[in-house]
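Chemist: Make a model of this:
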Amino acid sequence: MKKGFTLSEVLITLGIVGTIAALTIPAVVSNYKKKVYVTQLKKTYNQIYDAAHAIINDENANNYYATSAGIAQDNDSENCKTGPCYLLNNYFNVAKSNCQADDGGESKHDICFPANYKSLSGTNLGKTLSGYCIQTTNGVTICMTHNTGNHVTSVVVDVNGLDEPNMVGRDVFSMDIKEDGSISDYSSGSNELGSYGEDSENCGKRNADEGLYSAAAGCLNKVIEDGWQMTY
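Modeler: Numbers count the residues shown, from 1 in each chain. Okay, here's the model as predicted:
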């Protein structure tokens, strides 16, 4: 005679399976999201690298900071001929251009980044993006600012635009464009070609008062050093 499972045995088995699923599914989902963020980050990193080298070649310049994009931005943000807006509008597939908000939070154009960012620890960073911003056709927000003090173009990348988590080191990273057109972590500078910017161990640990660029410093290096993986 065949013997089946009792109702109690079935319920116990389902309970065990449910418990295991409850413990493992969040980790699986988290790891999947991290892979998505890193994939988009790497793609955007390469696009910025390609754009910097393309304009160097197109203008037959000695370095990035001798190009139209590597100098201060002119005042015509709609039809600019120099600075970050020139590079972003001419060397990227743009869905939204000049899409930052003003100090009052009112939209100048279509918003492409959220009202607030946060650190890895959950501290609010506020809307601290600066410079000229676009959103690409694949949903990535890229903001660039040219510092007239040290003549460095710095970049913040939000790999999924308005979508959460809007957190430095997760979907938000900062970097610099260097003289040779290479891309390094924030604070690497344009003249020190051997410098790779903020140490990876400082990812998410910089003072939030310094702004989003500084708050995200070190996270790009961390991801690269770990073989383009998000291990934290």
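Chemist: switch to C-alpha atoms for all contacts and neighbour counts from now on
Modeler: Fine.
Chemist: what stretches of this protein score poorly on pLDDT?
Modeler: Residues of the chain that meet the criterion pLDDT under 70 lie in 1-5, 7-10, 13-15, 18, 20-29, 77, 101-109, 127-129, 189-194, 207-209.
Chemist: quick one: the helices in it?
Modeler: Assigned by DSSP state H, the chain shows helices spanning 7-58, 84-91, 212-215, 219-225.
Chemist: Please work out which of those is packed deepest.
Modeler: Highest mean neighbour count of the helices of the chain: helix 212-215, a mean of 25 (counted as mean count of other Cα atoms under 10 Å).
Chemist: Packing partners of that one?
Modeler: Counting contacts by 3 or more Cα pairs under 8 Å, 6 or more residues apart in numbering; DSSP states H and E, helix 212-215 packs against strand 172-177.
Chemist: ok, what's across the strand from the most centrally placed residue in the chain?
Modeler: Nearest to the mean C-alpha position of the chain, by Cα atoms, centre = their mean, lies Val157 at 2.7 Å. Counting by DSSP bridges, Val157 is bridged to Ile142, Phe173.
Chemist: Can you give me every residue that contacts it?
Modeler: Leu41, Thr44, Val140, Thr141, Ile142, Cys143, Asp171, Val172, Phe173, Ser174 (Cα atoms under 8 Å, 6 or more residues apart in numbering).
Chemist: and what of Leu88?
Modeler: Taking Cα under 8 Å, 6+ apart as the test, what Leu88 contacts is Val94, Ile134.
Chemist: likewise Val168?
Modeler: For Val168, counting by Cα under 8 Å, 6+ apart, the contacting residues are Tyr117, Lys118, Ser119, Leu120, Gly204, Leu212, Ala215, Ala216, Cys219.
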